[in-house]
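In: Output the structure for:
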Amino acid sequence: MLPATTTSSEQEVIVNLARRLTTLGYVYIASAHERTMEDREDIRFMPFHQDLLPSFGVMAGVFVVRDQNIASAAREAYPEAHVLVIDPDRVEEDLPDFEPEVIRSWPVPQASRPALLRDLAVAA
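Out: Model prediction:
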């Protein structure tokens, strides 16, 4: 999830991270900078409104760019998802080994396991 404070260069970092995750399943980027929903390069881009989080069945992971309040709301909205707050300027330092294999190793409740392969959300 990308709040309005996310810069263009930071958005590019997040999109590059998202591309690495498309091998796991469907990846969404909800951004305050998007006006309409559209698919680009195996990623679904959609508008992000902080007061209305995207609604999905089950999400495996959510990335939130810098905003702890959005992360808290995401933890409530998606209780089975791994919610991470990230700083795009530190992605290489903080997530050097963050590859699809790492995500596959996350403990996921058995009932949600198919969703891991289907609905990985990149929320920044």
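In: From here on, just use CA atoms for contacts and neighbour counts.
Out: OK.
In: avg pLDDT for the strand or helix carrying A18?
Out: Remark: A18 resides in helix 8-21, with elements defined by DSSP states H and E. Across helix 8-21, the average pLDDT comes to 86.
In: Equivalent analysis for stretch 36-49, please.
Out: Stretch 36-49 carries an average pLDDT of 92.
In: re earlier: in the helix holding A18, which of the residues would be classed as buried?
Out: Going by neighbour count (16 or more other C-alpha atoms under 10 Å), the buried part of helix 8-21 is E10, Q11, V13, I14, V15, L17, A18, L21.
In: Surely the third one touches D87?
Out: By that I understand V13. No. Between V13 and D87 there is no contact under C-alpha atoms under 8 Å: 9.8 Å.
In: For this protein, just list every one of the strands.
Out: Under the criterion DSSP state E, the chain contains strands at 27-31, 38-40, 43-47, 61-65, 82-86.
In: which residues sit against the last one?
Out: What that stands for is strand 82-86. Residues from elsewhere that reach strand 82-86 (C-alpha atoms under 8 Å, 6 or more residues apart in numbering): 60-68, 71, 74-75, 124.
In: by how many degrees do that strand and strand 61-65 diverge?
Out: For strand 82-86 against strand 61-65, the angle by axes from the mean of the first three to the mean of the last three C-alpha atoms, to 10 degrees is 20 degrees.
In: Paired strands for strand 82-86, with orientation please.
Out: Within its sheet, and counting by DSSP bridges, strand 82-86 is paired with strand 61-65 (parallel).
In: same thing with the shortest one?
Out: Using DSSP bridges, strand 38-40 pairs in its sheet with strand 43-47 (antiparallel).
In: could you give the angle of the partner strand to strand 27-31?
Out: 20 degrees.
In: From the chain's centre, how far out is strand 43-47? Work that out for me.
Out: Here strand 43-47 is found 11 Å from its chain centre; the criterion is C-alpha atoms, centre = their mean, to the nearest Å.
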